[in-house]
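# sequence first, predicted coordinates after that:
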Amino acid sequence: MAARGLLWKLLAINIIVIGFVIALVWLAIDYLAAGYFMTLMEKYKISPESSHQMFVDSVHRYLIWASLAALVLAAALSFLLTRRVLAPLSHMIHITKKFAAGDYFDRVKIQSRDEFGQLATAFNLMAENLCTIEQLRKRMLTDVAHELRTPLTNILGYLEALMDGLVSASRDTFELLHEETMRLVRLVEDILRLAKADAARVTLLKMQTDLGDLIMSVLETFRPQFMANDIAVDVDFSNHLETIFVDAEKMIQVVSNLLQNALQYTAQKGRLRIFAEKGPGTIKVVFANTGTELSETDLPFIFERFYRGEKSRSRESGGAGIGLAIVKELIEAHNGSVGAGTSQGQTRVWFSLPV
């Protein structure tokens, strides 16, 4: 309906312009051409009265027919051409209504490279992002339900067994119930931290921070755990790290999550190496740990929420799969980027920040 309204408005504008040009031509004939005709008649001593009127009537008659033909042709061409130009807009309105109904899979056909083509391209990009967000939302709900169901089912099973007298109310039973309850608590806390990471873009409290000192400070809190698992930790910044403008609290959470990730997926007697690389306008910090390499199919997804590879990221050792998702959200809130790769038996997880 909106496209039709715009079509008729554009058509009316064209007709008004044509009508204005015809009126100007009409007045020009009446006041200029007719006057010029009278001057010629007087110059050559010809009686102008009857000839003048005949001239004006003839010109008016041909002008009326020419104007009618021009109006009809202009209206037809304007209608067809304008409708062709506005076709992507009509399609866009149709797809927008589908979006409002929850269908994010239709796309606008790009038929030109003009402003409408650019609008269609931007619209399709928006549609892709909406579709991705909707899929992530549905998958997140499914994953949260799945993560909650397992400990809840275990707790319910033990409680029913206790009520039916099938299991004794021993210390071991209560320890199992406590362990499952703590899994629920950790999951809820992870989801809360992820929600806070999502909102970090508007809650950052940036200040000048020595990134090297920050990493070393967090690492000291993890050293007993690395030592308990006989994991050697090497740090090599080589003066690449410098004072940068970041939210120190958020960066502590980033480094903590990356160290926790390395601790979980580095085998005993393995090695973790933390080093920095300087790029044009950026600083990159890499956490490289030995152990089972992630597969090529896992790498693109390790920063997604609730993602775990089947082997190395099990529910027992891998948590809920939220830690790296929080890292991604917090680093991108600082206009940085994250990535991962594997090389020579090592898994490398890195983040880069602008300096």
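That came through, no problem.
# for the closest residue to Gly336 other than its chain neighbours, phi and psi?
Leaving aside its sequence neighbours, Gly336 sits nearest to Leu353 (C-beta to C-beta, 6 or more residues apart in numbering; 4.2 Å). C-betas here are computed from N, CA, C, even on glycine. The phi/psi pair for Leu353 (degrees, to the nearest 10) reads phi -130, psi 150.
# Ile326 sits in which helix or strand?
According to DSSP states H and E, Ile326 maps onto helix 323-333.
# just Ile93 next, same as before
helix 48-100.
# what do you get for Leu184?
Using DSSP H and E, Leu184 falls in helix 171-198.
# for stretch 175-186, the distance to its chain's centre please.
Computed by C-alpha atoms, centre = their mean, to the nearest Å, the chain-centroid distance of stretch 175-186 equals 36 Å.
# what average pLDDT does that stretch get?
Averaging pLDDT along stretch 175-186 yields 82.
# for stretch 342-355, same thing?
Stretch 342-355 shows a mean pLDDT of 85.
# from the chain's centroid, how far away is it?
Worked out by C-alpha atoms, centre = their mean, stretch 342-355 lies 24 Å from the chain centre.
# before we move on, back to that, pull the helix holding Ile326 out as CSV, backbone CA atoms only.
Taking C-alpha atoms only, helix 323-333 is exported to CSV below (Å, rounded to 0.1, in the frame of the first residue of the first chain):
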residue,chain,number,x,y,z
GLY,A,323,33.7,-18.9,29.3
LEU,A,324,35.1,-18.1,25.8
ALA,A,325,31.7,-16.6,24.8
ILE,A,326,32.2,-14.1,27.6
VAL,A,327,35.8,-13.4,26.4
LYS,A,328,34.5,-12.7,22.9
GLU,A,329,31.8,-10.3,24.2
LEU,A,330,34.1,-8.4,26.5
ILE,A,331,36.9,-8.0,23.9
GLU,A,332,34.5,-6.9,21.1
ALA,A,333,33.1,-4.4,23.6
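# can you state the direction angle for it and helix 171-198?
Counting by axes from the mean of the first three to the mean of the last three C-alpha atoms, to 10 degrees, helix 323-333 lies at 20 degrees to helix 171-198.
# which elements pack onto helix 323-333?
If you count contacts as 3 or more C-beta pairs under 8 Å, 6 or more residues apart in numbering; DSSP states H and E, helix 323-333 packs onto helix 171-198, helix 248-265, strand 337-343, strand 346-354.
# turn those into TSV, columns for mean neighbour count and distance to Arg137.
As requested, the helices and strands packed on helix 323-333 are arranged in TSV below (neighbours: other C-beta atoms under 10 Å; distance: least, C-beta to C-beta, whole Å):
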stretch	mean neighbour count	distance to Arg137
helix 171-198	14	12
helix 248-265	20	23
strand 337-343	15	21
strand 346-354	20	25
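# thank you, goodbye.
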